[in-house]
Structure formats: C-alpha cells, structure tokens
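J.: let me see the structure of the following:
(2 chains)
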Amino acid sequence: MVGEKKYLPYLLLIPWLIGFLVFKLYPFINSFYLSLFEKLSPRESEFIGFDNYRKLFMRSDFFGGQFINSMKVTFNYVFFTVPLILIVSLLVAYVLSKKIKGIGFFRTAFYVPTVLGANVAVVLLWRELFESYGLINQGLALLGMKQINWFGSSAGAMTSIIALRVWQFGSTMLIFLAALKNISPSLYEAAEIDGASKIRQFRVITIPMLTPVILFNGVMRLVETFQTFTSAKLITNGGPLDSTRVINLLIYQVAFENRNFNLGSAMSWILFVVIMLFTILIFRSSKYWVYYQD
Amino acid sequence: MNSYKINSILRRNRAKRKIIKTVQYILISSVSFFMLYPLLWLIGASFNDGLMTNFSFIPVEFTIQGWLDGFKAPGWGSVEGYSILRALWNTMQYVIPKTIITTFSTLLVAFVVARMHFKGKKIVFALIIGTLLMPVTIFRIPLFIFWTSEIISPLWEGSKLPFMPYLPLWGGAFFALDSFSIFMFIQFFRSIPRDLDEAAYIDGASKFQLLHHVLMPMILPAVVTVALLQFIATYNDYQGPLIYRGDVDTYPLTLVLPMLGKDSTNTYAHVFTRSIIAVIIPLTFFFVAQKFFIGNDVESGIKG
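T.: Next up is the predicted model:
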C-alpha cells in the first residue's frame, strides 16, 4: 500500500462524524438541557433545574399521575413481550434447524408477519381481529370458549398489543436459526453416545451454546419494546382508562400534541436512563449465565 | 449384543424418531397457521359485503365492490384525484431515498472501519457500537426543533418538489445514522478473508477498485438485507410521518389509512382492499430479496 493517502479514511468518515455530532450527540445533550426548563407559554420558558423530574416522580397528582402509570404500563408490556418473543422464536428455530421438509415454506411463513406486522394496514387489521365480532372471538366460539370483550378490559387490550408484537418474532428467529447452525454436530453426537435424551441435549448443549445470542436478542428486543408506539396509538389509543398508554405514546402526546418539549424531554431522559439501567444490568449479569466458547 | 437385540433397539429408535418428527410437524404447522391465517382472512374479508363475522376466510356475501373502487380514497381530502396510489407515491418519496442513501452511506463507513488502517479507528468503532442501543426517542424532540427551525424548514416545509416535503424523514440518511446497518456490514466484511484485499493491491487496485470490483459482489447479500430492512422499517414508520406531516395532499399511506376506516362511504370491503394494496410492495420486495438473504445459507447448510 505504497503512497496511500493518510487522510483518505478521515475524509470518508466526515459524513458519519457530522451525523454523529449533529444528529446524535447534539440532540442527546439538547434534550437534557430542554428538560431543565418549564414551559410557561409558547415563547417563554424558565430554568427550573431538576424540578420536572422531581414532579414526575414525587407528585402523584402532577399531570394526572399519567407518567408513573405509563411507566408501569410499559414495564408490563416489555416484561411479557420480550420473554414471549424469545421463547417462541427459540422453539420454532430449534424445530426448523432439524431436517424438515418444506423448511423454505415455513421459514417464509414465519417471517412474513415480521415484514407486515408493523405496517399501519396490518395494525388496523389487528384491531378488527380483536373486535367483539372479530376473528379471535369467532375462533374462541369454535373452540367452545367464552367470547372476550378485548378492548373493554385493561388485560384484554394489553393482550391484543402484546400478541401483535409476539406475532412478529421472525427476525429474532432467523438470528437463532443462524446460531443453531453454528453449533458443532459433534457435541450432539457425543451426547447421543453417552445416552442423553433429546430434551437433555437441548438443555445442556443447545441452550448454553445459544446464550450469547439470547443475550443479543434479549437486549435488542428490550430496547425496542420499551419504545413501542404504533400499536398502542392505533389499536387502543392508550385505552381503556390509560391501561395501554405506553410511555412513548405519552411522550408523543406531551411533546407533539401539547407542544411541551420540556416535559417531553424530561420523560424521554427518564426512559433513556431506565433502558440503559436494564441494559447494563443484563450485561453485568451475563457473566453468570452466558457461555462463551473461547 | 446379538442381532435380534440390535434390531429391536433400532426399531424402537425409529418409532421414537417418527413420533418426534410428527410432534415437530404439528408444532410448526399450528404456528404457521397462527402466523398466516389473519392474512388469509384479510383477503377473504376484502371480498365480503358487510361485516365478516365468520371464522372461515370464505366471504359470506361475496362482492367485488371493494376491489372495483378500492383505489379511490373518499374521506381523504376533497380534491379530485386523491387515491391510494397517490398516498403510495407519497410514501415512496421518503422510502426510496432513505433506503438507497442509508445503504450506501453505511456501507462506506463499514468499509472504512473494516478495511482501512487509521488512528482513532477503535474510537469510531466504539461509537458505532455505543449508539447501536441508543433509544431513538431521546433524539426526537431536539431533531424536531432542528428540522422546524427557521433556517432549515424553508428547505422542505410546503415544498412542491418531489421528495423534498419529506426531507426530515430521509435527510439524515446521508450521514450514516443507522448504526445497526453499519454493524451488519462490518460483520460481513470481517467474514471475507483479507487475502483478497492483498491480491487486489498486488494487482495494483485502489481502495475503491477493491470495494467495487472485488468486495461488492461478495457482500451483495448484506447489501440486499440492509436495504430490505431499511425499506420495511421506513415504509412502516408511523411516528415520523405523524410528527412531520404537512398538507393533507402530502399524507403518506401510514396517515391516510387510519383516516379511511369504515364509514358511510367506505365499506369493510374497501378498508380491507386498501390494506392489501398497502402491503403488496413490501411483500414483493421481501420475496424478491429473499433469494439473496443472509439467512438463506441456513437452508444449504441443512441440506448439505
């Protein structure tokens, strides 16, 4: 590489650097700065330090207690959705990793909802499916079960938006599938000779070998589901009685419908800190449960 | 062990394997039913007159009215010529630039990080990984203030040029903002042996000739995958268009569809027909791209 221009890599990275500074670092700091002010009128705001944060956490009557409620709702959503996605996608990937006829069809069938699921058209369809006369209740009737007023109860409404997200387990499954393929067959052969059952093989070989990928998928899904928006906005619009008003929906309403950027920024920062705390916690715990080959 | 004993063990194993196979098939077949049936039902519902109050996907009262005027969009604006196709074109005005530009800008950054030597490379890589998990919610409000500021907003607000009214939705793509795409490309570059680079350099190739002629054909699966994921994510994005919406005639599909629910002019057949029209493009892209998909070697691995 004689005569290579030393500055070429830096030249090529200039757009990325601008992107990092203008579209990431600046808004990151700026949103924190904004959160330290109180909006008085469309043109005026006053520096109040950490008062926004204090009010959001301490005063249960502030903003109708919506913030604490939204955080609880979001936790509920995340703690059901993420494990469900991981379990379903892992089991399906495991079955697909075996020699199975029609794997091409199944893999496509499992991925199609991931392509479409976040599409507004399908989100709106989902709402119809869970209506009192909808497909889900028709199915329950066929099975001789009681019909459910899904959008009439908080648990029912929450179930409908969790189901929509779990339905899109395709990309998580593909990552598991690729990882399963990388497990050396000799491990299973050795276990077979030792007389280990399939279930035992799954428990002592498959799961430990997959733990790095479980960690990766878990963290990615956690960060994503904490910020869920479209389904809560279009299927339930936060209802009934705010039981599905996830934090990102609340932030949207505060910041963009009520034009209160200051309070919206404070909420965004709390969400950010919560996501980071969970991510750090998971990474810290990984040394107890993640198995690295080398 | 005598041959009788071996035979009986083999037979028992074969029977056991058959049971496991059957259980596996029942499991994944029922899962695929849950995955696909809502979509099948959607097709049936687009041909059904009135409410679809049946578990079966076969229409109760058959009609093609939904498909006959499904492209019209009564209830969205009042100007003649408002149609689903117009909303679709509005969507494409940010999906196309965002997809193409992001794919190339992130590819370039990944190439520099994976294949060039320079001081500070570790820092750049750390920043890419560090921003991978950054929740985008935290950037949204300041970026909105940025795009709607007095200096920037004349560029796009109320613009009559194609693509431009949607600038806030795709303008950032030039700056390789999507860390996940960069990360995927870097991983893919790393899987290609560096011997290829050396050979190309010995033959007198420049950095760009190396990327264009040697590496590009090999990373095509990654290029298609990143482009597909970008396309789908942008096409499905709801909050972005919601925040930066302009005049009613610039509304993309994601804003038009929720406006066109069942009402006096729109029957359920119309609503569901439009849903199908809305998903055809991403679905087609997916089926075409699937042939190049990164995950596809999974299949060859199993067959081999």
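J.: just the pLDDT at the closest residue to chain B within chain A, thanks.
T.: Relative to chain B, the nearest point of chain A is A:Gly19 (2.6 Å; CB to the nearest CB). Glycine gets a C-beta too; all of them are placed from N, C-alpha and C. We have a pLDDT of 96 for A:Gly19.
J.: for the nearest residue to B:Leu196 once chain neighbours are set aside, which three-state class applies?
T.: Closest residue in space to B:Leu196, ignoring its immediate chain neighbours: B:Val214 at 5.7 Å, by CB to CB, 6 or more residues apart in numbering or on different chains. Three-state call for B:Val214 (DSSP: H, G, I helix; E, B strand; the rest coil): helix.
J.: pretty sure B:Val214 is touching B:Asp203, no?
T.: No. With contact defined as CB atoms under 8 Å, B:Val214 does not count as touching B:Asp203 (9.5 Å).
J.: between those two, which has more neighbouring residues?
T.: Using other CB atoms under 10 Å in any protein chain shown, the more surrounded residue of B:Val214 and B:Asp203 is B:Val214, with 17 against 10.
J.: next up, the contacts around that one.
T.: The neighbourhood of B:Val214, defined by CB atoms under 8 Å, 6 or more residues apart in numbering or on different chains, consists of B:Leu196, B:Asp197, B:Ala200, B:Ala205.
J.: now it: how far from A:Tyr292?
T.: 33 Å (CB to CB, to the nearest Å).
J.: please apply the same query to A:Leu187.
T.: 15 Å.
J.: run a quick neighbour tally on the residue lying closest to B:Lys121 once chain neighbours are set aside.
T.: Spatial nearest neighbour of B:Lys121, excluding adjacent residues (CB to CB, 6+ apart): B:Val113 at 6.4 Å. Around B:Val113 there are 23 other residues, counting by other CB under 10 Å.
J.: what's the answer for the one 5 residues further on, then?
T.: The burial metric for B:Phe118, expressed as a neighbour count using other CB under 10 Å, is 15.
J.: and for B:Gly158?
T.: 11.
J.: can you pull the contacts of A:Ile136?
T.: Listed by CB under 8 Å, 6+ apart, the contact set of A:Ile136 reads A:Leu129, A:Phe130, A:Ile148, A:Trp150.
J.: what about the helices in chain B?
T.: B:3-45, B:65-68, B:84-115, B:121-132, B:137-147, B:167-170, B:179-190, B:195-202, B:207-209, B:216-236, B:239-243, B:253-259, B:268-289, B:297-303 (DSSP state H).
J.: check contacts around B:Pro252.
T.: So B:Pro252 contacts B:Ala87, B:Asn90, B:Thr91, B:Gln93, B:Tyr94, B:Tyr166, B:Pro241 (CB under 8 Å, 6+ apart).
J.: how near is the fourth one to chain A?
T.: Spelled out, it's B:Gln93. Distance, B:Gln93 to chain A, using CB to the nearest CB, to the nearest Å: 17 Å.
J.: with the first one instead?
T.: According to CB to the nearest CB, B:Ala87 and chain A sit 11 Å apart.
J.: and A:Glu46, how far is that from A:Asp61?
T.: 21 Å.
J.: thinking again about what came up before, closest to chain A among the contacts of B:Val214?
T.: Nearest to chain A among these, counting by CB to the nearest CB, is B:Asp197 at 9.5 Å.
J.: thinking that closest one is in contact with B:Leu211, fair?
T.: No. Between B:Asp197 and B:Leu211 there is no contact under CB under 8 Å: 9.8 Å.
J.: list residues touching both of the two?
T.: With CB under 8 Å, 6+ apart, B:Asp197 and B:Leu211 have common neighbours B:Arg115.
J.: domain assignment for chain B?
T.: B:1-75+B:260-285, B:89-258 (automatic domain parsing).
J.: of these, which approaches A:Gly104 most closely?
T.: Evaluated over the domains of chain B, closeness to A:Gly104 peaks at domain B:1-75+B:260-285, with 12.3 Å, by CB to CB.
J.: for that closest one, the distance to its chain's centre please.
T.: 21 Å (CA atoms, centre = their mean, to the nearest Å).
J.: next: stretch A:67-77.
T.: Worked out by CA atoms, centre = their mean, stretch A:67-77 lies 14 Å from the chain centre.
J.: contacts only, for the residue in the stretch 101-250 of chain B positioned nearest to chain A.
T.: Nearest residue of the stretch 101-250 of chain B to chain A: B:Phe175, at 2.6 Å (CB to the nearest CB). By CB under 8 Å, 6+ apart, B:Phe175 lies in contact with A:Pro15, A:Trp16, A:Ile18, A:Gly19, A:Phe20, A:Val22, A:Phe23, B:Ser105.
J.: just name the shakiest helix or strand of chain B by mean pLDDT.
T.: helix B:297-303 (a mean of 36; mean pLDDT, DSSP states H and E).
J.: what is the neighbour count of the closest residue to A:Ala93 other than its chain neighbours?
T.: The shortest distance from A:Ala93 to any non-neighbouring residue, by CB to CB, 6+ apart, is to A:Phe176 (3.7 Å). Burial measure for A:Phe176: 25 neighbouring residues, criterion other CB under 10 Å.
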